[in-house]
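1. Give the three-dimensional model of this entry:
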Amino acid sequence: MAQHTPISVLSLSQNRAVVRAIHDHISPLGFKIGGILESNPFSTNELALALRVIEPRPQAIIVGRGYSDEETSSARQVLSQYMRDAGIENGTVIKITSQVFEEFGKEGVPKWVLGQLESFFKK
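-> Numbers count the residues shown, from 1 in each chain. This is a model prediction of the structure:
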């Protein structure tokens, strides 16, 4: 039976407890948190470097609710450039908003993130 490499995800977050909960929820289903970047203030240079040093190469970024829409947009641009440079075809940025927290609760966020990842990667 062939082993499949999990899809690596970089988390841009200031809340490691939530990231660990997300990792625990998504890892049995083909995804893994490959790294956590606590960028405060947000830095596109730090994000670009983090994407390049994580192995396997990340195909998704989860942006925590502590980051603004503008920072999320910058993360999308950094991921897009990284994907072109690395020859990665599919990648996504998932933004955890305050609305997601309100609607699903802290305990429901990992399941919501998994749904977003599965929907994008068609798992």
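2. Please count neighbours and contacts with C-alpha atoms only from this point.
-> Fine.
3. List the residue ranges of this structure that fall below the pLDDT cut-off.
-> Applying pLDDT under 70 to the predicted model, the residue ranges of the chain that meet it are 1-3, 123.
4. so where's the longest helix in it?
-> With residue count as the measure and DSSP state H as the assignment, the chain has helix 98-121 as its longest helix.
5. Could you give me the buried positions within it?
-> Using 16 or more other CA atoms under 10 Å as the burial criterion, the residues of helix 98-121 that qualify are 100, 109-110, 112-114, 116-117.
6. likewise stretch 49-67?
-> The neighbour-count criterion (16+ other CA under 10 Å) identifies 50-51, 57-67 as the buried residues of stretch 49-67.
7. show me where this structure has strands.
-> With strands called from DSSP state E, the chain shows them at 7-12, 31-37, 58-63, 92-95.
8. In JSON lines: those, plus distance to Glu46.
-> Conversion of these to JSON lines gives the following (distance: least, CA to CA, whole Å):
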{"stretch": "strand 7-12", "distance to Glu46": "10"}
{"stretch": "strand 31-37", "distance to Glu46": "8"}
{"stretch": "strand 58-63", "distance to Glu46": "13"}
{"stretch": "strand 92-95", "distance to Glu46": "16"}
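9. can you tell me which of those comes nearest to Phe104?
-> strand 92-95 (14.0 Å; CA to CA).
10. how far is that closest one from where the chain is centred?
-> Mean C-alpha position of strand 92-95 versus that of the full chain (CA atoms, centre = their mean, to the nearest Å) differs by 6 Å.
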